[in-house]
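Engineer: A structural model of the following input is requested.
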Amino acid sequence: MVTIRMRLSIMMFLQFFIWGGWFVTLGTFLARDLEATGSQIGMAFSTQSWGAIIAPFIIGLIADRYFNAERILGVLHLGGAALMYALYLADDFSTFYPLVLAYMILYMPTLALVNSVSFRQLDDPSSEFARIRVWGTIGWIIAGLTISYVFSWDSSQAIGAGLLRNTFLMCAIAALILGLYSFTLPRTPPKATSGGSKKEGVKEVLGIDALRLLKDRNYAIFFIASVLICIPLAFYYQNANPFLAEIGVANPTGTMTLGQISEVVFMLMLPVFIHRFGIKATLLIGMLAWALRYALFAFGDSEGLMFMLIIGIALHGVCYDFFFVSGQIYTDAKAGERFKNSAQGMITLATYGVGMLIGFWVAGHITEYFATNGTHAWQGIWLFPAMFALIVLVLFFLAFRDKHHIEAPARKPRD
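Structural biologist: Next up, the predicted model:
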């Protein structure tokens, strides 16, 4: 008999296999197959931010009140499968962009839905959820390895032949499978109708109630730093795969899975590090890792200095876990019981919504500035986020003085 845990693990695997199967290579596909400019590529990646901004309305104000979570998960993924197939067929950016925007508006809410389905079926989510969520990271890794080592769609020859668009077909099939599979998951009725829990209002869903946390000088400094550090983050998501492919790194998508592997490793180290060295030191190390990784990208190459690129990719765990995950922990500790949900909604909307939206816009324009006849001056591109992250680090070091002690719980990894 298939256990609940196994069924939820399959759901998580497919959820992140879909995302990792096309998003990592998106920049390379747009540049090579659709001949998109840097600004256009930035627009395409920013659809993730628009999806993150719209997602709270779909989940908090609609799905969470009127529909079973597993049913709307199925509907969204079936719609996503159709859009993903349309992306596979798109032959120019003007056709591609509205389709990817519609897809991300459907996909981003499913990130909260798979968590909701999982939490409601587990007896002890605090101890059981991580063992289920890790299958999402495995799904992301397997997608990258499949692209690079099974089909070799990201090889120079395959990219030249236009085979990279097959990633959309692969993900359309996976989305169709997950859409149908979702209807077999355990019933997860709306919170408002199960157990008599109170409905969340607009203010709580969007984190407006938690804005009062910004009255705290140190939290306001952290909040601003979180938004600003999303600019370097956007450079990685948008440019890492095209960069590796253009300079001749073999199997670039598979190589980038080292970043997800490092996330899992450093996630295990994070609680101990916060407890021993404090939140400020942890956040500073996260920002320093961003600056260091981009310096490594700027001066590394695919031949004698390949080790610098490998280290830069492997630093992803430090970059993400030590700043963004520790920031979620810090936000949770500062919010108190009353504003925990609102505060997480606020910081997510500010970073993955507003911050990343600005970040992709900046990354698009910087990339376009350093582009000439289909090639890029990558050193100039990577030095910009390196210097930017370093400036944010210095300002944060000088201004942030919170002595708040945090007992850090273990947190789930995120791709």
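Engineer: Might you list the low-confidence residue ranges for the protein?
Structural biologist: Scanning the chain for pLDDT under 70 picks out 1-2, 59-65, 126, 191-209, 337-341, 403-415.
Engineer: give me that answer again for 50
Structural biologist: The model of the chain has pLDDT under 50 over residues 1, 193-197, 408-415.
Engineer: where exactly do the strands run in it?
Structural biologist: For the chain, applying DSSP state E gives strands covering 371-372, 375-376.
Engineer: what's the closest of those strands to I329?
Structural biologist: Checking those against I329 by Cβ to Cβ gives strand 375-376 as the closest, at 36.7 Å. Glycine gets a C-beta too; all of them are placed from N, C-alpha and C.
Engineer: what about L228, how many neighbours?
Structural biologist: By other Cβ atoms under 10 Å, the residues close to L228 number 20.
Engineer: List the residues that contact it.
Structural biologist: Shown in contact with L228 (Cβ atoms under 8 Å, 6 or more residues apart in numbering): G355, F388, V392.
Engineer: Most neighbours among these, please name it.
Structural biologist: Highest count within the contacts of L228 by other Cβ under 10 Å belongs to G355, 23 neighbours.
Engineer: Now it: closest residue in space, sequence neighbours ignored.
Structural biologist: Nearest in space to G355, with sequence neighbours left out and distances taken as Cβ to Cβ, 6 or more residues apart in numbering, is C230 at 3.1 Å.
Engineer: how far away is F223 from I53?
Structural biologist: For F223, the distance to I53 equals 17 Å [Cβ to Cβ, to the nearest Å].
Engineer: Just to check, T25 is in contact with L164?
Structural biologist: Yes: under the criterion of Cβ atoms under 8 Å, T25 makes contact with L164 at 6.0 Å.
Engineer: Please say which of these two ends up with more neighbours.
Structural biologist: Higher neighbour count among T25 and L164: T25, with 28 against 25, using other Cβ under 10 Å.
Engineer: Can you name the residues that contact that one?
Structural biologist: Counting by Cβ under 8 Å, 6+ apart, T25 makes contact with I147, W153, D154, L164, T167, N241, T253.
Engineer: rerun that using 6 Å as the cut-off
Structural biologist: Neighbouring residues of T25 by Cβ atoms under 6 Å, 6 or more residues apart in numbering: D154, L164, T167, N241, T253.
Engineer: correct me, but the last one touches T146?
Structural biologist: No: if you go by Cβ atoms under 6 Å, T253 and T146 don't touch, sitting 8.8 Å apart.
Engineer: Could you check which of those two is surrounded by more residues?
Structural biologist: Taking neighbours as other Cβ under 10 Å, T253 and T146 compare with T253 leading, 29 against 18.
Engineer: G259 versus the closest residue to I231 other than its chain neighbours, what's the distance?
Structural biologist: Using Cβ to Cβ, 6+ apart and skipping the chain neighbours, the partner closest in space to I231 is G359 (4.2 Å). Going from G359 to G259 by Cβ to Cβ gives 17 Å.
Engineer: more neighbours, those two?
Structural biologist: More crowded of G359 and G259, by other Cβ under 10 Å: G359, with 30 against 24.
Engineer: if I look at the more buried one, how far off is M256?
Structural biologist: When G359 is compared with M256 (using Cβ to Cβ), they lie 18 Å apart.
Engineer: isn't the residue nearest to G355 right next to M356, touching?
Structural biologist: Yes: here C230 reaches M356: they are 4.9 Å apart, a contact under Cβ under 6 Å.
Engineer: Break the protein into its domains for me.
Structural biologist: By the assignment in automatic domain parsing, the chain contains the domains 1-189, 206-410.
Engineer: residues in contact with the closest residue in space to A102 that isn't next to it in sequence?
Structural biologist: Among residues not flanking A102 along the chain, L83 sits closest, at 5.6 Å (Cβ to Cβ, 6+ apart). By Cβ under 6 Å, 6+ apart, the residues touching L83 are L99, A102, Y103.
Engineer: Specify which member of these is nearest to F277.
Structural biologist: Of all these, Y103 has the smallest distance to F277: 40.9 Å, by Cβ to Cβ.
Engineer: quick one: contacts for that closest one?
Structural biologist: For Y103, the contacting residues are G80, L83, by Cβ under 6 Å, 6+ apart.
Engineer: Count the residues that sit near E368.
Structural biologist: 17.
Engineer: any idea how far it lies from Q238?
Structural biologist: Distance from E368 to Q238, counting by Cβ to Cβ: 11 Å.
Engineer: and what of L78?
Structural biologist: The gap separating L78 from Q238 is 28 Å, by Cβ to Cβ.
Engineer: what do you get for W140?
Structural biologist: 17 Å.
Engineer: same question, S118
Structural biologist: 30 Å.
Engineer: Looking at the two, which one has more neighbours?
Structural biologist: Neighbours were counted for S118 and for Q238 using other Cβ under 10 Å; Q238 has more, 26 against 23.
Engineer: measure that one to L176 for me?
Structural biologist: Taking Cβ to Cβ as the measure, Q238 falls 28 Å from L176.
Engineer: now I105
Structural biologist: Distance, I105 to L176, using Cβ to Cβ: 19 Å.
Engineer: do F400 as well
Structural biologist: Note on F400: its distance to L176, by Cβ to Cβ, is 47 Å.
Engineer: Also A386?
Structural biologist: Relative to L176, A386 is positioned 41 Å away (Cβ to Cβ).
Engineer: who's more crowded, these two?
Structural biologist: Using other Cβ under 10 Å as the criterion, A386 and L176 rank with A386 on top: 21 against 17.
Engineer: Show the contacting residues for the more buried one.
Structural biologist: Taking Cβ under 6 Å, 6+ apart as the test, what A386 contacts is A291, Y294, A295.
Engineer: so which of these is the most crowded?
Structural biologist: With neighbours taken as other Cβ under 10 Å, the top of the contacts of A386 is Y294, carrying 27 neighbours.
Engineer: Could you find the closest non-adjacent residue to it?
Structural biologist: Counting by Cβ to Cβ, 6+ apart, A386 is the residue found nearest to Y294 once chain neighbours are left out, at 3.6 Å.
Engineer: State the distance from the one you found to G20.
Structural biologist: Between A386 and G20 the distance is 25 Å, computed by Cβ to Cβ.
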